[in-house]
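J.: just need the structure, nothing else, for what follows:
(2 chains)
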Amino acid sequence: MEGAWWAVLTVIGSLLALAYYAFVAAPARLHRWRCEGLRAFARLVELRTQGRYGRSEPLAEIANAVAMRLGLPLHERRRLELAVYLRDIGMVAIPYSILNKPTAPTPAERALLNRHAEISASIAEQIPGLWRVASIVRLHHVVYKENPDAPLSAHILSALDDWLRIAENADADAATAVLKQGIGARYHPLVVQALVSELRQRSADGWVYLTRSAALWL
Amino acid sequence: MLALPGTQFRMSKRKRFWLWFFSLAMASAGLLLWAGVPLVQQHQLGVFTGIVALAIFAELLLIRYPLRPEYSDRGLWFSVSTPVVIAAIIIYGWQFGVWLDAVISLAAGVLTAQLKNTRLRWAFTNTVQSVPSAGAAGLMVAQIQGEPVSPVGWQTLVILILSLLMYMIVNTLLVSVTVAIAEGVRVRWVLGQTLLSLPRDIALMTPISFLITAALAAYGATGLLGVLAPYLALRQAFVIAARQQELYQQTIRSLGFLVQRAHPYTGGHLQRVSQWARRVAERLGLPPERCELVYEAALLHDLGKTVLDEQILNKPARLSPQEWQEIKKHPQLGAEILCDTPFLSPIIPWIAMHHERPDGKGYPFGLKGEQIPLEARVIAVVDAFDAMIGGESPNQHRPHRRTLTLEEALAELERGAGTQFDPQVVSTFKQVVQEWQQRRTAGART
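T.: Down below sits the predicted model:
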């Protein structure tokens, strides 16, 4: 009989492990896999545009932290992370000469560059399981005043994308100042507040994120 | 296959499928007749009906397991009714289990055909695959079970694991042969994918099958209602595993699509290079999963070109030295694109080194001989060969180079063996190409 009890306990333990695997561990691992897969696309864009677009590693982490501060549920945060990797994938459809033009783009070229959000969203819509991410990708340059009802994730991405671009070209403080100036006009007030708090909390070594990929020196 | 001296008669895919189907059907019918109708004899009709109801429910919750698109776009559709069948075999005997599997496979197959608009022939195919699998597992249990044992004891657990193993091995083999015949691909290619998930499947199914055994022993068919929640957890685990596989393939397919888009005249080139590379890897004796990785690496070997300027890639004239320097960056750039994607990490070195040469004059690292992985040497040979012969349509030819004939290209490879190319890979590749040529000639004759 003792053997039977051990068997029963083993089975119960296995079933609990199975439930944990099926509903917690495996979905989390699936999400990691998805992110790792999409990171290849983000890296491709980053290399193709000499680091001007597609940066994803610092963004994904900070975006998740900001989303947690704003109380976004787990599934929303996961979508936001996927949107970080996918947001600039549309750049692959834009000619290399325009992407890497040393001078300022002409209005026509600027219009073409601005289409990347729409192209990225269209690509996301084609990938099974990512159609919900497409709406965040489409609005990742959303202006708060023009579309205050856009998903909070899109507002986070819009502010963070701008912050990273300015921080890389100038410095982190200047980027934060630009965000603060744009509160209520270009950027969502709650998002800027959460982002600034998050950035303040990060230690000085956090800015190691701003160093560029070694591959860009190839 | 019928063979006469000097000529070959290959059976059509359709005929081979039906021949395989009828062989399985005869085996299944034989097993069912041998099993008799024990349920009626032993007045187990009520229990049987209850189990059938649950198992049909299990069968209807189908999961799509994707196979590589070049093997089958349909993928494999599977359900998780096996734990129920194994538990029934252990409690009620192998005859009961065989009939149970036959009835649920057929009933669920017919219902699925109606609900999901699938072909009815797959319902019959699934049935004739399930019955021999249940028969093999059941007969093994009958041999080792001997005296009745406690349904929740260690002995039952061991018997259950062994019978699950037997069922899954037989079923995987039969399904793989069916897919290979239906899709016209090699059995070992399909087995290379289906066998990989076997240990995980058995580990997931064992606890639930044990629970069903205990429930059946204690409460009969009614006890099965208590296992619905764990069953759905098991199904969820399989769904996630299938999605993970799908994700892996999607990533490779999408990256491959980007390479083709960035460099249109390499489109067909990538497909051909991948297929040749896999055949050479097989001939070199690499394990099946390694051969699949070679296929994927060959598909993505030019990934770095997506980063380069299209004007250089598509330049119809000769490239300037500076432009060549740009082009030479592509192996390293390809590896760099994948460096943050750990599930593709095995193929990264092969992509980075597919332009290395045994004499050390290659790029980007100038590695020599054995320093270059075998897989990268395989890709180097087939890549060069395909670049020399070009595609089958004129717009697939390299713009600044004369296209060579098959024989000229092979001779060129032989000239470069030992310096530009690995001699062992060149000789293996030559055999593979010659066999392909012979098959093509024989096909043209018939």
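
J.: what comes up buried for the helix ranked longest in chain B?
T.: Longest helix of chain B, by residue count under DSSP state H: helix B:228-262. For helix B:228-262, a neighbour-count test (16 or more other Cβ atoms under 10 Å in any protein chain shown) marks B:230-248, B:250-252, B:254-256, B:258-260, B:262 as buried. Backbone N, C-alpha and C define where each C-beta goes, glycine included.

J.: can you give me how far whichever helix or strand comes after it is from the chain middle?
T.: Scanning forward in sequence from helix B:228-262 by DSSP states H and E, the next helix or strand is helix B:267-283. Relative to the centre of its chain, helix B:267-283 is centred 16 Å away, using Cα atoms, centre = their mean, to the nearest Å.

J.: check stretch B:224-236 too.
T.: Chain-centre distance of stretch B:224-236: 28 Å, with Cα atoms, centre = their mean.

J.: buried ones in the helix or strand containing B:L174?
T.: Assigned by DSSP H and E, B:L174 falls within helix B:154-183. Of all the residues in helix B:154-183, those buried under the rule 16+ other Cβ under 10 Å are B:155-157, B:159-161, B:163-183.

J.: that helix and chain A, are they touching?
T.: Yes. If you take Cβ under 8 Å from any Cβ of the partner chain as the test, helix B:154-183 does meet chain A, through B:W154, B:T156, B:L157.

J.: return the member of these nearest to A:M68.
T.: B:L157 (43.4 Å; Cβ to Cβ).

J.: so what pLDDT did that closest one get?
T.: On the pLDDT scale, B:L157 is placed at 85.

J.: residue ranges in chain A under the pLDDT threshold?
T.: A:1-4, A:6-7, A:10-11, A:203-218 (pLDDT under 70).

J.: swap the cut-off to 80 and go again
T.: Counting by pLDDT under 80, the ranges of chain A that qualify are A:1-15, A:17-18, A:22, A:52-55, A:57-58, A:127-129, A:168-171, A:202-218.

J.: for it, longest helix please?
T.: helix A:26-48.

J.: which parts of it are buried?
T.: A:26-27, A:30-31, A:33-48.

J.: how about the closest residue to A:R34 other than its chain neighbours, what does it touch?
T.: Once flanking residues are discounted, A:R34 sits nearest to B:L247: 5.8 Å by Cβ to Cβ, 6 or more residues apart in numbering or on different chains. Applying Cβ atoms under 8 Å, 6 or more residues apart in numbering or on different chains, we find B:L247 in contact with A:L30, A:W33, A:R34, A:G37.

J.: next one: A:L59
T.: A:V84, A:L157, A:L160, A:D161, A:L164.

J.: go again with 7 Å.
T.: Shown in contact with A:L59 (Cβ atoms under 7 Å, 6 or more residues apart in numbering or on different chains): A:V84, A:L160, A:L164.

J.: with distance to B:A108 added, can I get the residues you listed in JSON lines?
T.: Below are the contacts of A:L59 laid out as JSON lines (distance: Cβ to Cβ, whole Å):
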{"residue": "A:V84", "distance to B:A108": "42"}
{"residue": "A:L160", "distance to B:A108": "49"}
{"residue": "A:L164", "distance to B:A108": "53"}
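
J.: am I right that A:V66 is in a strand?
T.: No. Assignment of A:V66 by DSSP: H, G, I helix; E, B strand; the rest coil gives helix, placing it outside any strand.

J.: quick check: it touching A:L195?
T.: Yes. Between A:V66 and A:L195 there is a contact under Cβ atoms under 7 Å: 5.2 Å.

J.: which residue of the two possesses the greater neighbour count?
T.: Between A:V66 and A:L195, counted using other Cβ atoms under 10 Å in any protein chain shown, A:V66 has the larger neighbour count: 29 against 26.

J.: distance of that one from A:E198?
T.: 5 Å (Cβ to Cβ, to the nearest Å).

J.: ditto for B:V259
T.: From B:V259 to A:E198 the distance is 38 Å (Cβ to Cβ).

J.: with B:V84 instead?
T.: Taken as Cβ to Cβ, the span from B:V84 to A:E198 is 51 Å.

J.: which one's more surrounded, the two?
T.: B:V84 (29 against 19).

J.: list the contacts of that one.
T.: B:I51, B:L54, B:A55, B:A58, B:I212 are the contacts of B:V84 under Cβ under 7 Å, 6+ apart.

J.: what pLDDT does the second one get?
T.: Among the per-residue scores, B:L54 shows a pLDDT of 70.

J.: tell me if it really is in a strand.
T.: No. Using three-state DSSP, the assignment for B:L54 is helix, not a strand.

J.: right, and B:A134 touches B:V103 too?
T.: No. With contact defined as Cβ under 7 Å, B:A134 does not reach B:V103; the gap is 11.0 Å.

J.: who has more neighbours, those two?
T.: Just comparing B:A134 and B:V103: by other Cβ under 10 Å the higher neighbour count belongs to B:A134, 31 against 18.

J.: tell me which element the more buried one falls in.
T.: helix B:120-145.

J.: and that helix, what's its mean pLDDT?
T.: 85.

J.: report all helices and strands that it contacts.
T.: helix B:13-35, helix B:82-92, helix B:94-115, helix B:154-183 (3 or more Cβ pairs under 7 Å, 6 or more residues apart in numbering or on different chains; DSSP states H and E).

J.: just put those helices in a markdown table and tack on distance to A:E146.
T.: Formatted as a markdown table, the helices and strands packed on helix B:120-145 follow (distance: least, Cβ to Cβ, whole Å):
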| stretch | distance to A:E146 |
| --- | --- |
| helix B:13-35 | 58 |
| helix B:82-92 | 56 |
| helix B:94-115 | 46 |
| helix B:154-183 | 52 |
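
J.: pick out the residue nearest the middle of chain A.
T.: The residue lying closest to the centre of chain A (Cα atoms, centre = their mean) is A:V84, at 1.9 Å.

J.: list, one by one, the residues from chain A near chain B.
T.: A:3-4, A:7-8, A:11, A:14-15, A:18-19, A:21-23, A:26-27, A:30, A:33-34, A:36-37, A:39-40, A:43-44, A:47-48, A:92, A:95-97, A:127, A:215, A:218 (Cβ under 7 Å from any Cβ of the partner chain).

J.: distance of B:K328 from chain A?
T.: Look at B:K328 and chain A: by Cβ to the nearest Cβ, to the nearest Å, they are 10 Å apart.

J.: ok, back up a step: may I see the buried residues of the strand or helix carrying the residue nearest to the centre of chain A?
T.: Remark: A:V84 resides in helix A:74-86, with elements defined by DSSP H and E. Going by neighbour count (16+ other Cβ under 10 Å), the buried part of helix A:74-86 is A:E76, A:R77, A:R78, A:R79, A:L80, A:E81, A:L82, A:A83, A:V84, A:Y85, A:L86.
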